[in-house]
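Trainee: make a model of this:
(chains A and B)
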2 protein chains.
Amino acid sequence: MTSEDKLLARVTRAVSSVRGGNCPDLRLGIGDDAAVIAPVSRTEWVLSCDAFLEGVHFVSKLHPADSVGYKSLVRATSDLAAMGARPRFFLLTLALPASQTGAWLGQFLRGIVRAARSLKMEIIGGDTTKSPRVSASITVLGEVSSGKALKRSGARPGDLIYVTGRLGRAQLGLELILAGLGRKRRFARFVRHHLYPAIHIELGAWLARSRIASAMIDVSDGLSSDLHRLCEASRVGARVEAGLIPQVAIPSGFSRQVRRLHLDPERMALRGGDDYALLFTVPKAKLSRLRRAPEFSKLTRIGEITRARQIRLVSKDGKSRRLAPTGWDPFKER
Amino acid sequence: MTSEDKLLARVTRAVSSVRGGNCPDLRLGIGDDAAVIAPVSRTEWVLSCDAFLEGVHFVSKLHPADSVGYKSLVRATSDLAAMGARPRFFLLTLALPASQTGAWLGQFLRGIVRAARSLKMEIIGGDTTKSPRVSASITVLGEVSSGKALKRSGARPGDLIYVTGRLGRAQLGLELILAGLGRKRRFARFVRHHLYPAIHIELGAWLARSRIASAMIDVSDGLSSDLHRLCEASRVGARVEAGLIPQVAIPSGFSRQVRRLHLDPERMALRGGDDYALLFTVPKAKLSRLRRAPEFSKLTRIGEITRARQIRLVSKDGKSRRLAPTGWDPFKER
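Mentor: Numbering: from 1, shown residues only, chains lettered A, B, ... in the order given. This next block holds a predicted model:
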């Protein structure tokens, strides 16, 4: 065996301990030149790819290896949630320096295994190679009933805009880590949102199955950017009420250290990355059925889709301003 | 639009100019959170992933950007050929420095478009991000008639071992480039094997469809390593006759410059990477039907599968030695 084969065998052994349950449609798993899956009638395959890179999306000195593994799979799979698909399989391309093929890789694999287990996903392909910096590229496959995948492009003027959870929590977690406060126990719940994000598979699948949402996207680069993407695809605009955006609450008991960071909850909600919330639109006629949604209590209406193709942010005093897509962008300096 | 969106839109626009022909099964292409494909009865999906990294698999100073684009897709797709699958779709995760998002990216995209066109493949997913070094991670999807995918694991003692083309040609091309001779016209055909490799889709599909081959793999890391992988998966060994291995012929008219490189054709065949030849086994009872194969004239029998689980290389004088997997390995120094 070459060193590359041994490394790939190690990755395979670790990650393929997780089986995606009963998979009669997986004809051939990882280990050959390619995997083989059989079609199941009345379902469609949903596919997406995502890169997670050292120095761009994470920093090995600040982010534990198991978080890197966990998050690399979860963030890729969030795109399946945003289509209303049920996650099934993934392929992992992992490049890393020889110096990180020991304990670091072990922790990374533990993280990805934990994510695969909780998402009920099975690895079906892998490639490992050497690189001066770690990079994990993941392709995810999910399934959805034929014709039920929820696109970004279905929003219509008058539809109401909803979002899950609180926005900016992951950004707050990152700010705490960058300020050297990441290991303090009282900040743990914020840091967790950044290191081990939760995604919304059940809600996404329900919204697609029930045909209640007209369009959906996941908020991975900040509300301002992802709402723009949804509106662009739907050829519509939006009016968002700033006062309705579910922002992260910074407890008043937080130390001066945190206050010194001058964190702005609205800014973190609009521009912060890594929340993996679902952002979706609901025609008013279907609103009464929305209360049956999983996680209904965590949904917040933040505005309405408009015909005018721009996004306006209305503040509490009634003044409105144009909201530009100012979310996270790897090609911009921080 | 964020810079990342603009870049992804540019990649998408360029590459999605190539349509994979009539695709009634592609329900939703690139541009949403994920792509959606519908199942076609009696076919199965074949999936594989592959990384192509600056400094590991190519060097921007030596390899033209269009070769990097071309080769990144072709080498990934070679794994589909090795399963006997017909290529259909791919997902591209591209990380690159801001300095290479201009002309370099244009050339890269031209290369990948040319490969997609010749392979009749359509892009269905993409992710772009910043990175100090270029990396292209590609997931490819192909289709095969149900139950017909050709695995590595079907070789049985007594089966004959075949390989396509001449081995070591890509390595010779690389050696010429490294020696600064890559632009000389008389070396062009060798350099081309390294920069723009050909793969064997038709032959692979025929071998799978006809059920004539018992096992197959593509030779991407040198015969010694890939034969080991096939034998390992099949739990068998092999006896290879050194004199039968179709080695690259170094024309006697080559200059002293080339002779000074001390190139060993046998070593390049056994250890050189990037040939993307097909290596397959055929039970003796099916041998007579093999002559109907596409590219039959380019096939060479190099040995036989054995029960003893080791690989022996028999030289012309009848002496045999154990052949270790000494092919290309990113974790070994050159």
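Trainee: switch to C-alpha atoms for all contacts and neighbour counts from now on
Mentor: Will do.
Trainee: return the distance of the helix or strand bottoming out on mean pLDDT in chain A from the chain's centre.
Mentor: Least confident helix or strand, chain A: helix A:256-259 with a mean of 73, by mean pLDDT, DSSP states H and E. Relative to the centre of its chain, helix A:256-259 is centred 29 Å away, using CA atoms, centre = their mean, to the nearest Å.
Trainee: give me the contacts around that helix.
Mentor: A:L176 (CA atoms under 8 Å, 6 or more residues apart in numbering or on different chains).
Trainee: so what does the helix or strand following that helix touch, helix or strand wise?
Mentor: Reading on from helix A:256-259 to the C-terminus, the next helix or strand found by DSSP states H and E is helix A:265-271. Counting contacts by 3 or more CA pairs under 8 Å, 6 or more residues apart in numbering or on different chains; DSSP states H and E, helix A:265-271 is packed against helix A:169-178, helix A:223-234.
Trainee: let's have those in CSV, adding distance to A:L80, mean pLDDT and mean neighbour count.
Mentor: Listed next are the helices and strands packed on helix A:265-271 as CSV, based on distance: least, CA to CA, whole Å; pLDDT from 0 to 100; neighbours: other CA atoms under 10 Å in any protein chain shown:
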stretch, distance to A:L80, mean pLDDT, mean neighbour count
helix A:169-178, 20, 91, 23
helix A:223-234, 15, 95, 23
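Trainee: for A:R289, what are its contacts?
Mentor: A:I212.
Trainee: let me know whether A:A238 touches A:I311 as I believe.
Mentor: Yes: between A:A238 and A:I311 there is a contact under CA atoms under 8 Å: 4.7 Å.
Trainee: do a quick rundown of the strands in chain A.
Mentor: In chain A, the strands defined using DSSP state E lie at A:26-28, A:35-37, A:43-53, A:86-96, A:122-130, A:135-145, A:160-164, A:215-219, A:237-241, A:277-282, A:299-306, A:311-314, A:320-322.
Trainee: please save the CA atoms from the fourth one in CSV.
Mentor: Extracted in CSV, the C-alpha atoms of strand A:86-96 (Å, rounded to 0.1, in the frame of the first residue of the first chain):
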residue,chain,number,x,y,z
ARG,A,86,-33.1,14.3,3.3
PRO,A,87,-29.3,13.8,3.5
ARG,A,88,-28.1,10.4,2.5
PHE,A,89,-24.5,10.2,1.2
PHE,A,90,-21.3,12.3,1.0
LEU,A,91,-17.9,12.2,-0.8
LEU,A,92,-14.9,13.7,1.0
THR,A,93,-11.8,15.1,-0.6
LEU,A,94,-9.2,15.8,2.1
ALA,A,95,-5.9,17.5,1.5
LEU,A,96,-3.5,18.0,4.5
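Trainee: that strand and chain B, are they touching?
Mentor: Yes: contact check for strand A:86-96 against chain B, using CA under 8 Å from any CA of the partner chain: residues in range are A:91-93.
Trainee: nearest to B:V191 among those residues?
Mentor: Nearest to B:V191 out of these is A:T93 (CA to CA; 27.8 Å).
Trainee: go ahead and confirm the closest one touches A:I124.
Mentor: No: A:T93 is beyond contact range of A:I124, at 11.3 Å (criterion: CA under 8 Å).
Trainee: the more surrounded of the two?
Mentor: A:I124 (28 against 23; other CA atoms under 10 Å in any protein chain shown).
Trainee: what pairs with the nearest residue to the more buried one once chain neighbours are set aside across the strands?
Mentor: Closest residue to A:I124 apart from its sequence neighbours, by CA to CA, 6 or more residues apart in numbering or on different chains: A:I30 at 4.4 Å. In this entry, A:I30 is beta-bridged to A:D32, by DSSP bridges.
Trainee: next, the contact list for A:I30, please.
Mentor: A:12, A:123-126.
Trainee: in JSON lines: the residues you listed, plus pLDDT.
Mentor: Putting these into JSON lines (pLDDT from 0 to 100) gives the following:
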{"residue": "A:T12", "pLDDT": "80"}
{"residue": "A:I123", "pLDDT": "91"}
{"residue": "A:I124", "pLDDT": "91"}
{"residue": "A:G125", "pLDDT": "90"}
{"residue": "A:G126", "pLDDT": "87"}
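Trainee: closest to B:S137 among those residues?
Mentor: Distance to B:S137 across those (CA to CA) is lowest for A:G126, with 11.0 Å.
Trainee: okay, now the residue nearest to the closest one when sequence neighbours are not counted: neighbour count?
Mentor: Among residues not flanking A:G126 along the chain, A:L92 sits closest, at 4.7 Å (CA to CA, 6+ apart). Neighbour count of A:L92, defined by other CA under 10 Å: 28.
Trainee: quick one: A:L92 and A:T139 touch, right?
Mentor: Yes: counting by CA under 8 Å, A:L92 touches A:T139, with 6.8 Å between them.
Trainee: compare the strands of chain A and give me the one nearest B:I245.
Mentor: Nearest to B:I245, of all those, is strand A:122-130, at 28.1 Å by CA to CA.
Trainee: could you check the angle strand A:135-145 makes with that closest one?
Mentor: Angle of strand A:122-130 versus strand A:135-145, following axes from the mean of the first three to the mean of the last three CA atoms, to 10 degrees, is 160 degrees.
Trainee: so what strands line up beside strand A:122-130?
Mentor: As assigned by DSSP bridges, strand A:122-130 forms pairs with strand A:86-96 (parallel).
Trainee: report the angle between the strand it pairs with and strand B:43-53.
Mentor: Angle of strand A:86-96 versus strand B:43-53, following the same axes, to 10 degrees, is 30 degrees.
Trainee: and strand A:86-96, what's its mean pLDDT?
Mentor: On average, the pLDDT along strand A:86-96 is 94.
Trainee: how far does it sit from the chain's center?
Mentor: On CA atoms, centre = their mean, the centre of strand A:86-96 falls 15 Å from that of its chain.
Trainee: got the contact list for that strand?
Mentor: A:20, A:77, A:80-81, A:119-144, A:201, A:205, B:48-51, B:137, B:139.
Trainee: how many neighbours does the closest residue to A:T129 other than its chain neighbours have?
Mentor: The shortest distance from A:T129 to any non-neighbouring residue, by CA to CA, 6+ apart, is to A:A95 (4.7 Å). Residues near A:A95, counting by other CA under 10 Å, number 24.
Trainee: same question, A:S41
Mentor: For A:S41, the tally of surrounding residues (other CA under 10 Å) stands at 12.
Trainee: try A:V258
Mentor: By the criterion of other CA under 10 Å, A:V258 has 15 neighbours.
Trainee: tell me if I'm right that A:I245 and A:I302 touch.
Mentor: Yes: at 5.6 Å, A:I245 counts as touching A:I302 under the criterion of CA under 8 Å.
Trainee: make sure A:M83 is actually in contact with A:S145.
Mentor: No: counting by CA under 8 Å, A:M83 does not reach A:S145; the two are 11.2 Å apart.
Trainee: picking up where we left off before, quick one, which of the helices and strands packed on helix A:265-271 is nearest to chain B?
Mentor: The closest of the helices and strands packed on helix A:265-271 to chain B is helix A:223-234. By CA to the nearest CA, the value is 7.4 Å.
Trainee: give me the distance from the closest one to the chain's centre.
Mentor: Distance of helix A:223-234 from its chain centroid, counting by CA atoms, centre = their mean, is 15 Å.
Trainee: can you tell me which residues in the stretch 151-300 of chain A are near chain B?
Mentor: So far as CA under 8 Å from any CA goes, the stretch 151-300 of chain A lies against chain B at A:151-152, A:217-218, A:225, A:228-229.
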